[in-house]
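Peer 1: structure of the sequence below:
(4 chains)
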There are 2 protein chains.
Amino acid sequence: MKRPTIHDVAAAAGVSRGTVSRLLNGDKYVSTGARLAIERAISATGYVVNRNARSLVTQKTGSVVMVLSEPQEKLFEDPNYSTTMRVATRLLAERDLSLVLMMAAGDGDRERVVRYVRGGHADGVLLLSTHAGDPMVDALVGGPVPAVSCGAVIGRESVIPYAAADERLGARQMTEYLLAQGRRRIAMITGPMDTPGGIQRLEGFTEVMGRRAGKKLIAHGDWTRASGERAMAELLARVPDLDAVFVASDLMAAGALAALRDQGRRVPQDVAVGGFDDSPVAVSTHPPLTTIRQPLTRVAEETVRLLLALIDGGAGPGAGPVILPTELVVRASA
Amino acid sequence: MKRPTIHDVAAAAGVSRGTVSRLLNGDKYVSTGARLAIERAISATGYVVNRNARSLVTQKTGSVVMVLSEPQEKLFEDPNYSTTMRVATRLLAERDLSLVLMMAAGDGDRERVVRYVRGGHADGVLLLSTHAGDPMVDALVGGPVPAVSCGAVIGRESVIPYAAADERLGARQMTEYLLAQGRRRIAMITGPMDTPGGIQRLEGFTEVMGRRAGKKLIAHGDWTRASGERAMAELLARVPDLDAVFVASDLMAAGALAALRDQGRRVPQDVAVGGFDDSPVAVSTHPPLTTIRQPLTRVAEETVRLLLALIDGGAGPGAGPVILPTELVVRASA
DNA sequence: CGGGCTACTGTGCACGTTCACAGAAGGGTG
DNA sequence: CACCCTTCTGTGAACGTGCACAGTAGCCCG
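Peer 2: Residues are numbered from 1 along each chain as shown, chains lettered A, B, ... in the order given. From the prediction side, this is the model:
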């Protein structure tokens, strides 16, 4: 009934605990005879090591905690989350690390996360879409447990390593494409200006547009579909003769499409629409969205690699951010 | 530098380990003086209990593992996953349990999960969308660690407790609504027939339609948008005069809408379309989908409750399934 | 005053592992 | 033969906690 211990395995194999432990931990000094006997004993007894006992002495927990900071509703629609989870579980599993999931919605949650990490229950922290000015970040970076972020943490770029898509580049690609299509009055709907995507996609846009990007041509959304619809209506009222709009997310672009349809504008004939993310929504709109694809999988991979390197190396040297290029995907909307 | 132990707290408070331990575990026999001294000592030293050491003696791990069985792509679009994660982390956090995430895509993954659970690394297992005939299930239910599922596991309903939406009811609601709207030639696009949603939504449909639900009127999809589009085209070729279609998921319904548009059918004038799930897609299609809302949050809550009861109670008595009612949401597509 | 009860406290052991150390066997070298 | 080096093995101690047990002090009651 009781689970077999390393002691049982040792007895069954006719060796001592030490030898079994050495085999388990890949020590080189184990004779072939002992190795065979132990392996047979392990499969005979169905032994698996007790992580708690191991952690107790090694001071390593064998787990990494992933902290989701987004307000609840967002979780539904962000492919970034699921990609990162999938990639993280896979990469961590290879190293026999497990992934613990925590939400950080309220202050209580954040405190719990800090207590958990400082309590030594994780070997590393993987932050997702942490907000600018989140006090949790500072509470985390002081300690002995390394933390990285998938996507930049605004205002803390130098203190917490991260991997991210080149948002600025993506925005430039889309804007240049719209210009190349002969569009001249190009508006933009941004994301919230306290998120990397909100800030940097706008930056890329203005870099290309220069002085042509007047205040009138810019409206702000909050990533939701409804906000995209609202912002589009606002832009149409302000600049009736616009002939293109770059929307900072596909979901908001879906909202923008609805607003354009309401006003009787044809897409792309009257107004070209460019999205961002290449999310599933992009192909289910009518017309399908021309958009910017982010290398989500690679971003997630690099983030995890960064964390693993930090866990291994103690103080990682090249903890500079990893920025990966985006790609223009042309469909019917522009 | 080293983290404080229960010993340090005891020394700082001038009592013994035992007394500190009693306070920590809510034992009643602790004098007020000792309590105060200990509490002060705890906050002075910044002590947090070492879970590993605790687990080692209590044989409880303080964590629950959530196993995701869906093939990778699906994860992107299924609101069920994120809802369950959110609810689970919240409910578990209340009890100081942490959530470990594991994917079970390939055989290697499944084996890893079984080893992890049988290795005593979790107090409970929360299965999500496990496939019919998955050998992992049988390997799990034998052991001492309780397992529950969010949504039925086909063929194992009696052996693994679950909470789920009343899929059959939802399908009946939609079918009856379409009939009430005067539709007579009602087709259906189902999900894969090895999933609860695939099977039971079809059952609800045929229960209401009776002999009117001929084989010709039924096509099968695999939950993807593309499969919905394909199935719709197939149905239109087979039954050109159909006047309504009940699609087993919103995403497939979005595909069906595209197919209908390609064939020049107007929705809802020529063909009424009913979806299922009330997912975000439902409001971004054109027209927005009339659909069936599942009580996802409550399903998730009940699933976690079931698991917690099992963890507490040893062998839970009323481990019967919890089935929750669905709700019709009327929009423009039907 | 003796005895039992209640409220509280301290101590030794066990949980299952890793790690440092000591030590043995065998072979090569001076 | 004496010595060292390499390869391999066993052993004791520690990691930080909970729990069973023994024990103490105060109080009430007979």
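Peer 1: helices of chain A, start to end?
Peer 2: A:6-13, A:17-24, A:32-45, A:51-58, A:79-94, A:107-118, A:135-141, A:167-180, A:196-209, A:225-238, A:250-262, A:281-284, A:296-313 (DSSP state H).
Peer 1: state the pLDDT value of the residue in the stretch 151-300 of chain A that DNA strand D sits nearest to.
Peer 2: The stretch 151-300 of chain A approaches DNA strand D most closely through A:I160 (27.5 Å), counting by Cβ to the nearest atom of the strand. Placement of C-beta: from N, CA and C, glycine included. Per-residue pLDDT puts A:I160 at 93.
Peer 1: closest to the centroid, which residue in chain A?
Peer 2: A:C150 (4.0 Å; Cα atoms, centre = their mean).
Peer 1: quick check: closest non-adjacent residue to A:R156.
Peer 2: Leaving aside its sequence neighbours, A:R156 sits nearest to A:V137 (Cβ to Cβ, 6 or more residues apart in numbering or on different chains; 5.4 Å).
Peer 1: got the contact list for the one you found?
Peer 2: A:L127, A:T130, A:A147, A:V153, A:R156, A:V159, A:I160 (Cβ atoms under 8 Å, 6 or more residues apart in numbering or on different chains).
Peer 1: closest to chain B out of the residues you listed?
Peer 2: In terms of Cβ to the nearest Cβ, no member of the contacts of A:V137 lies closer to chain B than A:L127, at 15.6 Å.
Peer 1: where in chain A is pLDDT low?
Peer 2: A:1, A:71-79, A:314-319 (pLDDT under 70).
Peer 1: need the residues of it near DNA strand C, please.
Peer 2: With Cβ under 7 Å from any atom of the strand as the criterion, chain A comes near DNA strand C at residues A:2-3, A:5-7, A:17-18, A:21, A:24-25, A:47, A:49-50, A:53-54, A:56-58.
Peer 1: out of those, who's near chain B?
Peer 2: A:R3, A:V49, A:N50, A:A53, A:L56 (Cβ under 8 Å from any Cβ of the partner chain).
Peer 1: thought the fourth one was touching B:L56?
Peer 2: Yes - the pair A:A53 and B:L56 passes the contact test of Cβ atoms under 8 Å, sitting 5.6 Å apart.
Peer 1: show me the common contact partners of those two, please.
Peer 2: Counting by Cβ under 8 Å, 6+ apart, nothing touches both A:A53 and B:L56.
Peer 1: what does the stretch 51-200 of chain A have sitting close to DNA strand D?
Peer 2: Residues of the stretch 51-200 of chain A lying near DNA strand D (Cβ under 7 Å from any atom of the strand): A:A53, A:L56, A:V57.
Peer 1: among the residues you listed, which ones are buried?
Peer 2: Buried members of these, counted by 16 or more other Cβ atoms under 10 Å in any protein chain shown: A:L56.
Peer 1: phi, psi of the residue in the stretch 51-200 of chain A that chain B sits nearest to?
Peer 2: With Cβ to the nearest Cβ as the measure, A:G119 is the residue of the stretch 51-200 of chain A nearest to chain B, at 3.7 Å. Main-chain dihedrals, A:G119, degrees, to the nearest 10: phi -70, psi 0.
Peer 1: that one: neighbouring residues, count only.
Peer 2: Neighbour count of A:G119, defined by other Cβ atoms under 10 Å in any protein chain shown: 17.
Peer 1: which residue, other than its chain neighbours, is closest to it?
Peer 2: That would be B:V48: by Cβ to Cβ, 6+ apart, it lies 3.7 Å from A:G119.
Peer 1: how many neighbours does the one you found have?
Peer 2: Based on other Cβ under 10 Å, the number of other residues close to B:V48 is 15.
Peer 1: again, but for A:A282
Peer 2: By other Cβ under 10 Å, neighbour count at A:A282 equals 24.
Peer 1: please report how far it lies from A:M252.
Peer 2: Separation of A:A282 from A:M252 (Cβ to Cβ, to the nearest Å): 12 Å.
Peer 1: can you give the domain ranges for chain A?
Peer 2: A:6-49, A:63-164+A:297-323, A:167-293 (automatic domain parsing).
Peer 1: right, and A:G133 touches A:G155 too?
Peer 2: Yes - A:G133 lies in contact with A:G155 (Cβ under 8 Å); the separation is 6.5 Å.
Peer 1: tell me the phi and psi of the residue nearest to A:G119?
Peer 2: Torsion angles, degrees, to the nearest 10, at B:V48: phi -130, psi 140.
Peer 1: likewise for A:K28?
Peer 2: phi -80, psi -30.
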